[in-house]
Each structure stands twice: as structure tokens, then as C-alpha cells.
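Colleague: need a structure here:
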Amino acid sequence: MFIQMKLILRFRKILLPAVAKVGTASFLCLAFTGVQAQKPGGVGIPSGLTSWFKANTTGNIVVNAPVNNVSGWTSESGTGITLAQGTTSKQPVFQSNTTASGNFNFNPFVQFITANITNLNRTSASPDLLGTGGTVFLVVNTFPGTSTNPTAFTYMSSSSYRFQVKPGFRMQSGALGFGYTADFYPAVMPPTAPAPSGYILTTKGTGSIYRGRKNADSVALTNKNDAVYNPAVSTGLYLGSNGTSSEPYNGGIAEVITFNTTLNDTLINKVESYLALKYGITLSQSSAYGAINSNYTSADGTIFWTAASNAAYSKCIAGIGRDDSSAVLQKQSKSVHDSSLVFIYNGATGGVFPAANADNTATIASDKSFLMAGDNGLSKNLTACLANGYVSRMARIWKVQKTGTGISTATIAVIKDSVAATVKRLLVSSDPAFPAASSVSYPLTLANGKLYAAVNFNNNDYFTFTTDTLQVTLTPSSPSCTTPTSGSIAAVVTGGNPAYTYLWTPSGQTTANLTSVTTGTYTLTVTQGSCQATASASVVALVPIAAPVVSSSNITVNSITFSWLPIAGATGYQVSVDGGTYTAPSSGTTGTTHVVTGLKPLQTVTISVIALGAQSCQNSAAGTGTAKTLSDAIFIPNVFTPNGDGSNDLFKIYGNSISGIALKIFDQWGELIFEGSDLQKGWDGTYKGKQQPVGVYIYTVKIKLSDGTEVIKKGSVNLVR
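Modeller: You can find the predicted model right below:
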């Protein structure tokens, strides 16, 4: 009955406003939706959960202005006990996000300070939190302090079962006067993360069944059943020191969980998976103590990171996810371990990167949804090659495991200054070899000091970072007409991973530009870092340009105009008339017409035209054209038929050399019936608008020739209808 009542009270509390102020203190409280009871990793009171202290405020932390001193920290589950510190100078400090002394993956923590002997405590041993062989989980760090033997956690029940955790050194337990220790100081277990980074310490049992582990890695029992190592601790629970004044701890505590039972490996894995997801911690990917590998397992048993299938990508595992049973909603993450590189954000951030997980408003749409990534631990240098050496990529590759349907787009980001300046793209593929056919390259955008790209990942995708594609442009030049070894190829190389080195084959030249070569095909090998790319071009001999096609127009009795279309590559033209000397066209050196004058009637003329190239060996073959001048004869018909059939309807004077006429027509009686000077109109066989009768008519015509002379001709013409 007592347990049932505690659950009901706890649900009422989480519906209060986020921060309720009382006097100078603030009670930090975060409400989660859902009707299920929340418990770490889904492991709750039936398994012996007695306390759950969370700095991300799902429990209650009393924070005092103005320096955020913590005077009280209440467990949100289990027994609901409160740890307190009434002395202001000994109160630890609440940190809402990462600081120089604490990195808990964008989550809050409580900072303890050795110099002030800060601690939170509850001296009562009742209720019994750990029984005779309980289990403890701590998320702490080992930021250096002045104490040589710092203690983050001690507990002793009234029945003299003792538990102590000294981050960076050892965990130990005592049972009825005898102690066991599990040491993990650097000489025994080298750290895998910087001192400010959080890690998970787990202890279970006492006596001969006592075991300890760090980030799911087994810690060997160093001292067994030895009275000397029975912890000397005070009755009750203390965070930050051993008792109220000794062995003060200098570091952060983000979470404390206790059970009064010895949890089995399956349950421990669930709790550690919950903590690892939340705090960006990589669990050991080899066999842990007991019989299981360190999969990441949700509260309902769903494996959201599979150790066996992801064994080659077991470094710096981190991710985002939602598990309502564990009250975890991690919307952004970066592994806290050494060599960690990538940030993972839920949704498309658009270059806005929230400072804390609590500040991130992106929604993970459904429960039991996770996106995890681990890398292969290789160099972040651009030493691997793709696209026949035209793209350099990082040797480091990440693998994605995606579970559930609540995460669609994720943003991958890196700090710009943490990667090579030539990193320009994020490459994603279903194949870790990144073949072109199954890979997508995303351009990286720079914002707020980070390079980022938004991607909709599939399960078992891989990603890495690359340069832009190397661009090699080769421009060959032919040797001159007179120097066969004057060929060259100019190279312009951009992108990729400079600085570049060059090698031309077969010439052996090592400069970007190839010079002083004969005709032939040459290959440039560009070395960029560890990658080599090749490009080829041919130096060819100069060839003549196209020959002009010549036509004629404006032909008269004494002149002909020749013309041709412009020729590509021509610098000018030369012409020869009837085999004579080549000269510039009459329209100028670059003109495309030439007029031949001073000709006789019916004279035939042939012209040859050469298009001039940039060099003499490029001059074209001659294009030719032939034309004949017109006749200078005068023709006057002796009959015409003005019947309107369109044929011979007019009486006109014909001649190629006529420049003007004065024509008069007389009838049989000598009457003038037509007079005109229009060479094209002539007489249409009418007088005053009336058709004249068939018969013979007399004409006189004065003809002015194009040379200025005049000719008078007289005669008769028959009008026939």
C-alpha cells in the first residue's frame, strides 16, 4: 500500500509548473507526458529501486540564487528521500550545461568542490537503500582536485553493509567487517575520455559476489575478503565526501541510482544503456562481466545498438533517442570520449545549435525511437581515396543504427577547426566502401563555427567526410609551324586536398604546366595527400583552316562582285584574279568581298581566295569562283502582244548598258500616242486609256548608255492581239 501511494503522489508532482520558487530557492522540475511509471532503463521498484537522483531535474533540486548553490536533492523514485546541505559554504553548485569542469553530453550536473568540502547527505540509514548486496549506478567525472583520495559516494546501512565509490581510483564494499575493492585507476584501466567527461560506475553485491565495472567494462577485484579494505564510512548516504568532512570530491555528479538487490546482467545492461544514451558514453563493446555483450537496450528490451554487428564501429558511440519508460529524451549528442568528432542533432537545425539538450525544441515523434552512431576509430585525416583518386575522404567512418519511426532527419555537425580545412562534404552510403552508385554527397554549410548537413538516414547507413571533387582542366596548345617542339599543355587544378604535386608522362616534367613538347598524348598525375588522380590531353599539329566558298553577285557589263562567308579562325584573306598575284580584297584585309572592274562585255573572270591562319601552315586551300560580265547589245523587239496574258505585254527597250531612254510612239497617221523615259514600263498598247488597234506603229528612241554616249534608233513595231 505504501508503494502505491508513493506512485500517485509522484504523478501529481510532475504536473506542477517547470520552476516553482519558494523564498530564495527554486525547485527544478521537468514534466514528462505518458501514463506509465518512469524508471531508469525500465528497471523499477519490483527490482528493488530505492533512489533515483537526476540532475536534469526530473527529480527535485533546490537551487539557491545567485550562485546556484544546491541545498537539497530529492530522489524522484523509490523511497523519495532527500539529501541536504544546510551550510552554504558546503553546498555544491548546479550546472545546467557543459563547463570546463564537466561534460555530461549537454545535460545538467551538480559540481562538487574539494576546497569547500561540498557534500549532500542524509545521515539516517532508514530506509535501507542497498540492503546486504545492493546495486549502485553513478554518472560522475574525475576532474582534478586537491584531494588525493576523493569520494563521490558512500553509504552504510544500520546493518553494517558498506559501499564507497572513489571516481578515478576504486569502488569497494564491506560486509560484516571484510572488504572487497575493484580498482580502476589509470595504471590499471587507462581512461578513454578527458577528465571533465562523464562515465558510468556500477557496483553490485558485497562480499564474495561483489563486482564493479566502468562503462560496462569489468573491473578486476584487487583485494578480496580483507578487513583492511572494509570501507570506513558513516551511517547514511553522502554525495561528495566520505562523511561530512573527509576525502572531499572535486567533480561532477549527474545521476545516482540505487537498488537494494543485486541486479542481474540483463537489468544492469538496461540501466547502463539508458545512462550511456543520455550522457554520450560508450559502453564496452567486448564481453562484460557475466554473460552478455554490451548492447544498448531500451526499457522494453529493444536493442538499439547491436555490439556484434557493429563491432567494427565501436568507438565514440553516441546518439539521440526517446524512451518514455526511462524518462529520456535526448535530442542532441556528442560522445564524451577521446577523439570524439561529430555532433548529432534531431531534425534539421538550419545552423542553430542549442546549448543544452533542454533547449532543443525538436520533437522525436514516437517512443522507442533511436538513432545511434559509432566510428571505426581511424584517423580523421583525409587519407582514403574515392572516385579514382579525385576525392579524398577521412579514414574514419561512422555506422548508423536506426530504430523506431520517430526520427526522420538528423543533423550531423563537426567543429570547423577540428577537421582539415579541405573538408567540404558529408558522404552517406549503405556500403562502407562508398561506391558512387549507392552514395550521396551532401555539401557542408558553415554556421556558428560548425560544418553541418541534414540527412535522412536509413538503418545501417555509413557516413564520413570528404573534400570537394578534384577539378583538373587541361588546355593543350599546338607547336608552331616552324618549331615542332613548342607544344604545351596548361593545367588548372582546384578542389580536392592541396597541396598538389605533379608528374607528366611520358615527358617526366613535374610542374603544373607541360612545356616544350612535340605532338602526342600526355598524362598528368596529380597527387593530393594520399590520393592520385590522372587526366590526359593531346597536343596536335596545326592544320589548315577551311577554304572559303566563293560566289558572285552584282554582275554588270564591265564588273563582277565576288563574296564568301567568314571562315572560323581566319585572321584575314587574300585574293588572286585569273591566276595573278595574291593581294588583299577590295573590301580590306579582313573583308569578305572583292570587286573586279574594268572588264569587257561577256568577259569571264576566275577568282581564288585564301583564308589566312594564325600561322602560315594554317592558311587554307584556295577557294575559287568564276563569273562572266553581261553583254552590251541593245535589243528592240518588232512585235508585242498587249493582251494581258503576262507575256510580251509591253513594248520595251532592252540592254545591259542602258542608263536612260526617251521613247516616242506614233500611229499610222503620224500622231504621237506615247512618250516615256521609264526603261521598265514601256508602252502597253493604249492611248488615253483606250486599246489601240492591231497594226504597225512607228517608234523613235534616244538611248543613253552607261558610258555616257547616246544612240538614236528608229523603227516600227507590230501590235498584235
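
Colleague: Please name the bridge partners of the most centrally placed residue in the chain.
Modeller: Central residue of the chain (C-alpha atoms, centre = their mean): Pro443, 1.8 Å from the mean position. For Pro443, the beta-bridge partners are Arg425 (DSSP bridges).

Colleague: Pretty sure it sits against Arg425.
Modeller: Yes - between Pro443 and Arg425 there is a contact at 5.7 Å, judged by C-beta atoms under 8 Å. All C-beta atoms are positioned from the backbone trio N, CA, C, and that covers glycine.

Colleague: overlap in contacts of these two?
Modeller: Counting by C-beta atoms under 8 Å, 6 or more residues apart in numbering, the residues touching both Pro443 and Arg425 are Ala453.

Colleague: Just give me the neighbour total for Thr518.
Modeller: Using other C-beta atoms under 10 Å, Thr518 is surrounded by 13 other residues.

Colleague: For it, give me phi and psi.
Modeller: Backbone torsions of Thr518, given as degrees, to the nearest 10, read phi -90, psi -180.

Colleague: Let me see the confidence value for it.
Modeller: Note for Thr518: predicted pLDDT of 97.

Colleague: who touches it in this structure?
Modeller: By C-beta under 8 Å, 6+ apart, Thr518 lies in contact with 479, 484-485, 487, 539.

Colleague: Go through those residues and say which is closest to Lys450.
Modeller: For the contacts of Thr518, the closest approach to Lys450 (C-beta to C-beta) belongs to Val539, at 47.0 Å.

Colleague: could you list every residue that touches the closest one?
Modeller: Applying C-beta under 8 Å, 6+ apart to Val539 gives the contacts 476-479, 487-489, 517-522.

Colleague: how many other residues sit next to Thr483?
Modeller: For Thr483, the count of nearby residues is 10 (other C-beta under 10 Å).

Colleague: Hmm, Ile397 and Pro432 touching each other?
Modeller: Yes - taking contacts as C-beta under 8 Å, Pro432 lies within contact range of Ile397: 5.6 Å.

Colleague: got any residues that touch both of these two?
Modeller: Each of Tyr462 lies in contact with both Pro432 and Ile397 under the rule C-beta under 8 Å, 6+ apart.

Colleague: between these two, who's got more neighbours?
Modeller: Ile397 (23 against 16).

Colleague: mind checking how far that one is from Thr50?
Modeller: Between Ile397 and Thr50 the computed distance is 43 Å (C-beta to C-beta, to the nearest Å).

Colleague: Report the buried residues of stretch 106-117.
Modeller: Using 16 or more other C-beta atoms under 10 Å as the test for burial, stretch 106-117 gives 106-114, 116-117.

Colleague: Give me the mean pLDDT for it.
Modeller: Averaging pLDDT along stretch 106-117 gives 95.

Colleague: got the end-to-end distance for it?
Modeller: With C-alpha to C-alpha, to the nearest Å as the measure, stretch 106-117 spans 26 Å from end to end.

Colleague: How far does it sit from its chain's centre?
Modeller: In this view, stretch 106-117 has its centroid 39 Å away from the chain centroid, taken as C-alpha atoms, centre = their mean, to the nearest Å.

Colleague: Do I have it right that Tyr249 meets Ala152?
Modeller: Yes - counting by C-beta under 8 Å, Tyr249 does reach Ala152; the two are 4.7 Å apart.

Colleague: anything in contact with each of these two?
Modeller: Residues touching both Tyr249 and Ala152 (C-beta under 8 Å, 6+ apart) are 112, 167, 240.

Colleague: Show me those residues that map onto strands.
Modeller: Applying DSSP state E to those, the entries found in strands are Phe112.

Colleague: JSON lines please, covering the shared contacts of Tyr249 and Ala152 and showing distance to Gly205.
Modeller: Formatted as JSON lines, those follow (distance: C-beta to C-beta, whole Å):
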{"residue": "Phe112", "distance to Gly205": "26"}
{"residue": "Pro167", "distance to Gly205": "20"}
{"residue": "Gly240", "distance to Gly205": "24"}
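
Colleague: ok, the shared contacts of Tyr249 and Ala152 vs Val550, which is closest?
Modeller: Val550 lies nearest to Pro167 out of the shared contacts of Tyr249 and Ala152, by C-beta to C-beta, at 97.3 Å.

Colleague: ranges for the helices of this structure?
Modeller: For the chain, helices defined by DSSP state H occupy the ranges 2-13, 265-279.

Colleague: Comparing these by mean pLDDT, which bottoms out?
Modeller: helix 2-13 (a mean of 32).

Colleague: my read: Arg170 touches Thr181, true?
Modeller: Yes - Arg170 is within contact range of Thr181, at 5.1 Å (criterion: C-beta under 8 Å).

Colleague: pLDDT at Tyr289, what is it?
Modeller: We have a pLDDT of 47 for Tyr289.
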